[in-house]
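*Asks:* Provided below for reference: sequence and predicted model.
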Amino acid sequence: MVNIFNPVDLTLLEALAVAFVLGIVHGITPDEHTWPITFSYAIGSYSTKGGAKAGLLFSIGFTLQRAIVSEIAFLGLAPFLLSSSINGMIYVVVGAVMAASGFYILRTGIYVHVHRLSHAVDMLFHKLLGREKHKKEDLYQHAAFASHGALDPRTVPLKLTVLHGMIAGFGFGAFALILYTVITPQMPNAYLGWLPGFIFGIGTMLMQVLFGSAIGGWLRRRRFSERQISFIGRKTSGRVLAYGGIAFVLAGLLLLVLPSAASFSFATGLGIPNLDAIDLGFLLAVGSVTVIAIPSYILAVREARRIKQKGDKR
């Protein structure tokens, strides 16, 4: 039986199958390069379709990056990317993009979509979900009201999700090490060097789409009005991106100033990457989605109810 965490002496099909399974496991386990970003945009989309779209757009960028670095790894040019300094710089860049997106969403609630890609994804979900369901879930997605001090039904936009995915993909953890140092070198030639990274990204994409769908649909099932849902989603999303981004920047600066921080970890004994130890990456992933997201959600709910009550009294 193939050991997916030590996949040596594999045939081409076995290697690609292992890459796909690793991608699925990577999408399930708490990873600082996927969970916080997908969660933020998915809850801001406040619908099953919107959440799935967030996961898909993020994963498109992530998959493209993994395919490129997989080819680089096959050519033997990737060792420099494995240093803690590089990881630190990636944290800083990812965090800066997250924070900028979050504060912009909190301030305006809107930005322009990546037109062609976003339109293509819209058409995909239009076909998958059917015309009637698509229209129902998009009823409030396309509204853009400029109301000050009131519930605003603008959705959290998805413009930078692809960029997030491409940048975040440069982060290296246990899965990346297995992918680039064990599976990719087993490809028969340079023409196929990109394939393990691409297949790995597809596996992650599958789980991120399901994860995004679940998060986006969960908020819609709460007992709130449409305007309350959009307000709560946007506020929660913006705060997780903004303050999670700051946490990423601080973690990146820590790695740049103190590289030994990368070795900080407490073994859990589970034997599954991302779950085998509590380290800096685990704390960022779980912290962003729990320590920041839960209080942000509770605060947004209170704000939405308070604003609605004031509106009802008028």
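*Replies:* Good, I have the coordinates. Numbering: from 1, shown residues only.

*Asks:* From here on, just use CA atoms for contacts and neighbour counts.
*Replies:* Will do.

*Asks:* Show me what the helix or strand L299 falls within is packed up against.
*Replies:* In the assignment (DSSP states H and E), L299 maps to helix 293-313. With contacts defined as 3 or more CA pairs under 8 Å, 6 or more residues apart in numbering; DSSP states H and E, the secondary structure elements packing on helix 293-313 are helix 226-257.

*Asks:* buried residues in the helix it packs on?
*Replies:* Of the residues in helix 226-257, 226-256 count as buried by neighbour count, 16 or more other CA atoms under 10 Å.

*Asks:* Now do that helix and helix 293-313, the angle between them.
*Replies:* 150 degrees (axes from the mean of the first three to the mean of the last three CA atoms, to 10 degrees).

*Asks:* Check the offset of helix 226-257 from the chain's centre.
*Replies:* Mean C-alpha position of helix 226-257 versus that of the full chain (CA atoms, centre = their mean, to the nearest Å) differs by 12 Å.

*Asks:* The helix or strand just after that helix pairs with which strands?
*Replies:* The element immediately downstream of helix 226-257 (helix or strand, assigned by DSSP H and E) is strand 265-267. On the basis of DSSP bridges, the sheet neighbours of strand 265-267 come out as strand 277-279 (antiparallel).

*Asks:* pretty sure S59 contacts F200?
*Replies:* No - using CA atoms under 8 Å, S59 is not in contact with F200, being 10.5 Å away.

*Asks:* rewinding a little: average pLDDT for the helix holding L299?
*Replies:* Confidence over helix 293-313 (mean pLDDT, whole number) is 78.

*Asks:* In CSV, list the C-alpha atoms belonging to stretch 59-67.
*Replies:* What follows is stretch 59-67, C-alpha atoms only, in CSV (Å, rounded to 0.1, in the frame of the first residue of the first chain):
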residue,chain,number,x,y,z
SER,A,59,-8.0,27.8,-5.7
ILE,A,60,-7.5,28.8,-9.3
GLY,A,61,-4.7,31.1,-8.3
PHE,A,62,-3.4,28.6,-5.8
THR,A,63,-3.4,25.8,-8.4
LEU,A,64,-1.6,27.9,-11.0
GLN,A,65,1.1,28.8,-8.5
ARG,A,66,1.6,25.2,-7.4
ALA,A,67,1.9,24.0,-11.0
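
*Asks:* Which parts of the stretch 101-250 of the chain are helices?
*Replies:* 115-129, 131-137, 161-168, 174-178, 195-220, 226-257 (DSSP state H, counting those that start in this stretch).

*Asks:* can you list those helices in TSV and add mean pLDDT?
*Replies:* Below are the helices of the stretch 101-250 of the chain laid out as TSV (pLDDT from 0 to 100):
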stretch	mean pLDDT
helix 115-129	52
helix 131-137	45
helix 161-168	73
helix 174-178	80
helix 195-220	86
helix 226-257	86
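
*Asks:* Of all those helices, which one is nearest Y91?
*Replies:* Across the helices of the stretch 101-250 of the chain, Y91 has its closest neighbour in helix 226-257 (4.6 Å, CA to CA).

*Asks:* by how many degrees do that closest one and helix 195-220 diverge?
*Replies:* In terms of direction (the same axes, to 10 degrees), helix 226-257 departs from helix 195-220 by 140 degrees.

*Asks:* So L206 versus I4, what's the distance?
*Replies:* Taking CA to CA, to the nearest Å as the criterion, L206 is separated from I4 by 18 Å.

*Asks:* Please apply the same query to F266.
*Replies:* Relative to I4, F266 is positioned 23 Å away (CA to CA).

*Asks:* More neighbours: which of these two?
*Replies:* With other CA atoms under 10 Å as the criterion, F266 and I4 differ in neighbour count, and I4 comes out ahead with 16 against 10.

*Asks:* tell me the contacts of the more buried one?
*Replies:* V18, V21, L22 (CA atoms under 8 Å, 6 or more residues apart in numbering).

*Asks:* name the element it belongs to?
*Replies:* Taking DSSP H and E as the criterion, I4 maps to no regular element, lying outside all helices and strands.

*Asks:* Residue numbering should commence at 18 henceforth.
*Replies:* Okay, residue one is now 18; in that scheme the one you just asked about reads as I21.

*Asks:* Any chance of the backbone angles for it?
*Replies:* Main-chain torsions, I21, degrees, to the nearest 10: phi -70, psi -20.

*Asks:* tell me the pLDDT at it?
*Replies:* At I21, the pLDDT value in this model is 74.

*Asks:* Also M204?
*Replies:* pLDDT recorded at M204 is 93.

*Asks:* what's the distance between it and R244?
*Replies:* Separation of M204 from R244 (CA to CA) stands at 52 Å.
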